[in-house]
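Colleague: Next come a sequence and a model predicted from it.
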Amino acid sequence: MVRGVLRTATRRLTLAGALVLGMAPLACATYSDKTEEARAALLRGDYPGSVKQFDKILKVRDHDELPAEWKKNFALVVLERAMVLQAMREYESSAKSFTAAEKELEFLDIARDGAGKLGKYVYSDSATKYKTSPTEKLALNAMNLVNYLVRGDLSGAKVEAKRFTVMRTYLRDYDPEHEHGAFGSYLAGFVNERLGNADEALRYYDEALQERDFGSLTEPIARLAARGSYRGERLLDYLPEGTPPVPAPPVTKPEPSEAAPPGDGPPASQPAPSSGTAPPSEAAPPMQRPSVDALGSPLPRPTAWVAPKGGPPTEILVIAKTGRVPFKIPERIPIGAAIGLAGAYVTGDTTLLEYGMFKVVVYPELVKPHNLFVDAEMRIDGKLVPMDQASDLGAEIVAEYEDIKPKIIGAALSRMIVRAAAAEGARAGGNAAAKDSGAGGLVGFLAAAAIEGTMVALDKPDTRSWSTLPERVHIGRAVVPAGAHTVEVTVFGPGGKERHTAQVEVQEGGFAVVDVTTLR
């Protein structure tokens, strides 16, 4: 009898071990593992190689191709690819990927989701579509704004600015304690400034100033204040004391049909984001593009345009993006430390964990990439022009994650309690069956091992995140004489220095945008 019971128990243990070992590769194949080669290529500066890795995951042949079927992780992979394409100066393809990804992505409502639902998703619900965090969602629209500005598409840029505004307004209403999106607000203000919408531009610049100071906005705000009447609290710090408001027609707010809901396509009442010019009612100079990009490749010549009297200044705007934000990997911590971090977000009887065989908690933790470049400077015709740090997206991602980390670990512990309870049930049943066999507690132990080991192998943390998002965004601008100019952008950090040069020609009253993205 004893031998029979032991043989049965041994078979159960062998089966449990086979199940655990067989499912181990599945448990280890996290999103961060699958995209590791793409990130390694970025660190080497091999942007085409990184795009090829993302295309391989998407099962497409070309970086301009979208997946025929949107599987659970594909929207995030397309988003990752869009950022690398922007670094390669493939702006049209980047815009296509950003727009497609936004339609498929969902939003992770940190402010209103309950601890259980939020923790369940972030910890182990990787079977669902990826949900962008507030920082990621606003950054998506801001980065896509760059694609339209560099290509001279003010119409598309305005539509993207409206999408950005819809989400930023939502976040401000439901999560007023956190300010996000200074970079996007800055660019949206720039778009409206070039379109001649003084009050709208001032409103956006005021939004950007709510988060951080921008020395580069001192002159633009003074120019706009002479034509617009809007005076936000932060704008007053940038105007001479006693500057009175100038009477102006009230700002027309968009109709509800114009406000695109988050994640949807362009509003029906607005033109689709495509190459084109601003509507006649918004007479404004077309964007002037660099004639040679930072890699020395020729770009199409801009359309000549003569500025009317009293038109906007001749200007160059430079955007430099350095490094990448922290990304998630599976991390192990002891159960005791996890209980201390999770606090009130644990459900179930934690004493059951004392009997569990697995004394560690595996959860998704943020780690910093090895960024080579962290800062940037710019020169126009050899003259140094100050740059502002427009956003520290890495710090925002970390702060955002630290807010929800207790919920994530709480969810992990709650799942372990469920496993421990199931294992204890199996242990009790096995011991009862072997009570008179002389096998002692061995049968119960093996039964518990089979249950708990299998459940651990099936459970894995969700390490999905937008890992190609730049860590920092720098911005600078200068009023220049009409004509040809040399723009030099130097990024520097632990990896030394890297210089990017672009030759631009700006028409009277026009402007040029130069974008440099390193992602390493």
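Modeller: Happy to help now that I have it.
Colleague: so V60, which of the three states?
Modeller: coil (DSSP: H, G, I helix; E, B strand; the rest coil).
Colleague: do the same with R499
Modeller: strand.
Colleague: Chain neighbours aside, what residue packs nearest to it?
Modeller: Computed as C-beta to C-beta, 6 or more residues apart in numbering, the closest residue to R499 that is not its neighbour in sequence is T490, at 4.8 Å. Backbone N, C-alpha and C define where each C-beta goes, glycine included.
Colleague: Give the other helices and strands that whatever helix or strand the one you found lives in contacts.
Modeller: Per DSSP states H and E: T490 is located in strand 483-493. Applying 3 or more C-beta pairs under 8 Å, 6 or more residues apart in numbering; DSSP states H and E, one finds that strand 483-493 contacts strand 315-322, strand 375-380, strand 496-506, strand 511-517.
Colleague: Could you look up the next helix or strand downstream of the second one?
Modeller: Sequence order places strand 383-385 as the next helix or strand after strand 375-380, per DSSP H and E.
Colleague: Quick check: can you name the pairing partners of the helix or strand following that following strand and their directions?
Modeller: If you walk from strand 383-385 toward the C-terminus, the next helix or strand you reach (DSSP H and E) is strand 388-392. Applying DSSP bridges, strand 388-392 is found paired with strand 472-479 (antiparallel).
Colleague: Which strands border the strand holding T490, and is each parallel or antiparallel?
Modeller: strand 375-380 (antiparallel), strand 496-506 (antiparallel).
Colleague: For those, could you give me TSV that also reports distance to Q53 and mean pLDDT?
Modeller: Output for the strands paired with strand 483-493, formatted as TSV (distance: least, C-beta to C-beta, whole Å; pLDDT from 0 to 100):
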stretch	distance to Q53	mean pLDDT
strand 375-380	27	97
strand 496-506	22	95
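Colleague: related to what we said a few turns ago, ok, the residue nearest to R499 touching A376?
Modeller: Yes. Using C-beta atoms under 8 Å, T490 is in contact with A376, at 6.8 Å.
Colleague: which of these two has more neighbours?
Modeller: A376 (26 against 17; other C-beta atoms under 10 Å).
Colleague: what kind of secondary structure is F54 in?
Modeller: helix.
Colleague: Please identify the buried residues of stretch 400-414?
Modeller: By neighbour count on 16 or more other C-beta atoms under 10 Å, the buried set for stretch 400-414 is 400-401, 404-414.
Colleague: low-scoring stretches of this structure, by residue?
Modeller: Residue ranges of the chain with pLDDT under 70: 1-28, 108-127, 174-179, 242-311, 348-359, 418-460.
Colleague: Is it correct that K162 falls within a strand?
Modeller: No. Counting by three-state DSSP, K162 is not found in a strand; it is helix.
Colleague: quick one on the thing from earlier: would you convert the buried residues of stretch 400-414 into CSV that also reports secondary structure and distance to K56?
Modeller: Output for the buried residues of stretch 400-414, formatted as CSV (DSSP: H, G, I helix; E, B strand; the rest coil; distance: C-beta to C-beta, whole Å):
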residue, secondary structure, distance to K56
E400, helix, 30
Y401, helix, 28
I404, helix, 31
K405, helix, 32
P406, helix, 37
K407, helix, 34
I408, helix, 30
I409, helix, 33
G410, helix, 36
A411, helix, 32
A412, helix, 31
L413, helix, 36
S414, helix, 36
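Colleague: And the residues you listed, which is closest to G184?
Modeller: Using C-beta to C-beta, E400 is the member of the buried residues of stretch 400-414 that sits closest to G184, with 15.9 Å.
Colleague: mind checking how far the closest one is from P326?
Modeller: 11 Å (C-beta to C-beta, to the nearest Å).
Colleague: same deal with E211?
Modeller: 20 Å.
Colleague: same thing with P334?
Modeller: For P334, the distance to P326 - C-beta to C-beta - is 23 Å.
Colleague: go on, A502?
Modeller: Counting by C-beta to C-beta - A502 and P326 are separated by 30 Å.
Colleague: which one of those two has more residues nearby?
Modeller: Neighbour totals were compared for A502 and P326, and A502 leads with 24 against 21 (other C-beta under 10 Å).
Colleague: doesn't V513 make contact with the more buried one?
Modeller: No. Between A502 and V513 there is no contact under C-beta under 8 Å: 10.1 Å.
Colleague: Can you dump the C-alpha atoms of stretch 61-75 in PDB for me?
Modeller: Backbone C-alpha positions of stretch 61-75 (Å, rounded to 0.1, in the frame of the first residue of the first chain) are rendered in PDB as follows:
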ATOM      1  CA  ARG A  61       8.400  43.000 -44.700                       C
ATOM      2  CA  ASP A  62       8.800  46.800 -44.600                       C
ATOM      3  CA  HIS A  63       8.900  49.500 -42.000                       C
ATOM      4  CA  ASP A  64       6.100  51.300 -43.800                       C
ATOM      5  CA  GLU A  65       3.800  48.200 -43.600                       C
ATOM      6  CA  LEU A  66       1.200  47.700 -40.900                       C
ATOM      7  CA  PRO A  67       0.200  44.300 -39.500                       C
ATOM      8  CA  ALA A  68      -2.800  42.600 -41.300                       C
ATOM      9  CA  GLU A  69      -4.000  41.400 -37.900                       C
ATOM     10  CA  TRP A  70      -3.600  43.400 -34.700                       C
ATOM     11  CA  LYS A  71      -2.500  40.900 -32.000                       C
ATOM     12  CA  LYS A  72      -2.400  41.900 -28.400                       C
ATOM     13  CA  ASN A  73       1.100  43.400 -28.400                       C
ATOM     14  CA  PHE A  74       1.300  44.700 -32.000                       C
ATOM     15  CA  ALA A  75       0.000  48.200 -31.200                       C
END
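Colleague: what comes up buried for it?
Modeller: Result for stretch 61-75 [16+ other C-beta under 10 Å]: buried residues 63, 67, 70, 73-75.
Colleague: And the strands in the stretch 151-300 of the chain, which stretches?
Modeller: Assigned by DSSP state E, counting those that start in this stretch, the stretch 151-300 of the chain shows strands spanning 290-292.
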